[in-house]
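> Pasting the sequence and the predicted model now:
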Amino acid sequence: MKWLDEKFLKHPKQYLGQSMLMIISFFLILFALDLFTDGIVVASLGASGFIAFTGPHTHSSHPRFLVGGYLTGIFTAFLCTQLMNSLRMVPFEALHQNGIALAGALAVGGSMFLMVIFNTEHPPASALALGLVIDGFQPMTALIAFVTIVLLSLTKHFLKPYMINLL
C-alpha cells in the first residue's frame, strides 16, 4: 500500500495549487457572505467545495449536481420543517418529543430520494437538509447556502481550465 497518491508525485504543483485555489475561493465566498452560520450548513458547503475542487472534471462536480442538489435539499428541509410544525398540533406526546428526529430523518431520506429521481445527486445537500431542519428552517440561512453553492459552482467553472482531477 502506497501512502502517497501516484498522481501527487507526478503533479505536486497542481495539487498544492488547487488546494490553494480552494482556500482562497472559499475564503472570499465566506467573507463576502459573512457566512458564520450553522455548523452543519457550513460543513455541507465545505464538502461540496471538496467535490468541486478535487474533481473539477467529474460528473459529480457539474452545476446540475451542486446547485440542483442544494435546491432539492433546501426544498426538502422546508417541507420537513412544515411537517414538524404541523405535528405540534397532533395531541400525541411521542410525536412532540421525537418530531425533530423524525423530521431530520425524513429530510435526509427525502432529499436522497428526490435527488436520485431528478438526477441531482449531491450527498452534502442531504447534510444541508438535515442541518436546516435541526436548526429550525431559516429562509435567510437557506438563501445564503444557495448563493454560496452558486458562487462556488461559478468559481469552479471559471477555474476549471487550470485544474485537473485529483481524485
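Thanks, I have the structure now.
> Ser25 against Leu154, yeah?
No - counting by C-beta atoms under 8 Å, Ser25 does not reach Leu154; the two are 9.9 Å apart. Heads up, the C-betas are built off the backbone N, CA and C, glycines and all.
> Return every residue with contacts to both of the two.
Common neighbours of Ser25 and Leu154, using C-beta atoms under 8 Å, 6 or more residues apart in numbering, do not exist here.
> element containing Ser19, please.
helix 12-33 (DSSP states H and E).
> Show me what counts as buried in the helix or strand just after that helix.
Next in sequence after helix 12-33, counting helices and strands by DSSP H and E, comes helix 39-54. By neighbour count on 16 or more other C-beta atoms under 10 Å, the buried set for helix 39-54 is 40-42, 44-45, 47-54.
> next one: stretch 72-88
For stretch 72-88, burial by neighbour count (16+ other C-beta under 10 Å) applies to Thr72, Gly73, Ile74, Thr76, Ala77, Phe78, Leu79, Cys80, Thr81, Leu83, Met84.
> Can you say which two of these are spatially most distant?
Farthest apart among these by C-beta to C-beta are Thr72 and Met84. That separation is 18.4 Å.
> Which one's more surrounded, Ser25 and Leu154?
Ser25 (20 against 14; other C-beta atoms under 10 Å).
> ok now do that one, which residues does it touch?
Here Ser25 is in contact with Gly49, Phe53, Leu152, Thr155, Leu159 (criterion: C-beta under 8 Å, 6+ apart).
> so the fourth one, which of the three states?
In this case it means Thr155. helix (DSSP: H, G, I helix; E, B strand; the rest coil).
> Could you check how far it is from Ala142?
20 Å (C-beta to C-beta, to the nearest Å).
> again with the third one
With distances defined as C-beta to C-beta, the gap from Leu152 to Ala142 amounts to 16 Å.
> Could you do the second one as well?
Separation of Phe53 from Ala142 (C-beta to C-beta): 23 Å.
> List the contacts of stretch 79-91.
For stretch 79-91, contacts defined as C-beta under 8 Å, 6+ apart pick out 95-96, 99-100, 102-104, 106-107, 110, 129, 132-133, 136-137.
> Cheers, nothing more for now.
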